[in-house]
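**Q** got a predicted structure here, sequence first:
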Amino acid sequence: MPLLNILRYPDPRLARVAKPVTAFDDRLKQLVADMAETMYDAPGIGLAAPQINVAEQIVVIDVSESHDQLRALINPEIVWASEEKKECQEGCLSVPGIYDQVERAERVKVRAFDVDGKPFEIEADGWLAVCIQHELDHLKGRVFVDYLSPLKRRRIKDKLQKEERERQRERERDRIAGKGPLSRRER
């Protein structure tokens, strides 16, 4: 299974709204498997399809320490959220190295489909509730930094753009020096 390329903020493709999945087929199962492998390799606890440039409502999540409780949520929707809020420090595979406080509902109830098209519901609290809300935001074209102040967002954007320019310069130097293409980990 190939590792997928994760888009990095402020890539405008991260702001696209995902469309519902309509075909529960082998392509979907393979995509979910590839997303899970990519998430674990990154390493992360959640990954939404828009983060890999697929504008479909697909999320994979595993908040377990043992990485053996993978959940795939297809066309997920929050059907209930508690009025009680909780502030947690969040990070994101699309915003590497950046962490900040975001306020989320303490508990949520989510309705979704599995990869076979079977509907199910999850009631979640703790990290699972935070992760679900974070990943479902990606399906709406939102990244966690959208919750931060404009000044913080600008600083994050500038920092990541500077890092991307440096990575491009390194890739160009490697190309000129005759080195082969870099693996995903080296990028």
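**A** Yep, it's here.

**Q** now the helices for the protein?
**A** With DSSP state H, the ranges of helices along the chain come out as 26-41, 126-139, 150-176.

**Q** now these as TSV including distance to residue 96?
**A** Quick note: C-beta positions are derived from backbone N, CA and C, even for glycine. Formatted as TSV, the helices of the chain follow (distance: least, CB to CB, whole Å):
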stretch	distance to residue 96
helix 26-41	13
helix 126-139	15
helix 150-176	8
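
**Q** which stretch among those helices comes nearest residue 6?
**A** When the helices of the chain are compared by CB to CB, helix 26-41 sits nearest residue 6, at 6.8 Å.

**Q** helices or strands up against the lowest-mean-pLDDT helix or strand in the chain?
**A** Every helix and strand of the chain was ranked by mean pLDDT, DSSP states H and E. The lowest is helix 150-176, at a mean of 92. Under the contact criterion of 3 or more CB pairs under 8 Å, 6 or more residues apart in numbering; DSSP states H and E, helix 150-176 touches strand 95-105.

**Q** hang on, the earlier thing: deepest-packed of the helices of the chain, please.
**A** Of all the helices of the chain, helix 126-139 has the most neighbours on average by mean count of other CB atoms under 10 Å, namely a mean of 22.

**Q** now do that one: which elements does it pack against?
**A** Looks like helix 126-139 contacts strand 46-48, strand 58-61, strand 71-81, strand 85-92, strand 95-105, strand 107-113, strand 119-125 (3+ CB pairs under 8 Å, 6+ apart).

**Q** do that again at 6 Å, thanks
**A** For helix 126-139, the packing partners by 3 or more CB pairs under 6 Å, 6 or more residues apart in numbering; DSSP states H and E come out as strand 46-48, strand 107-113.
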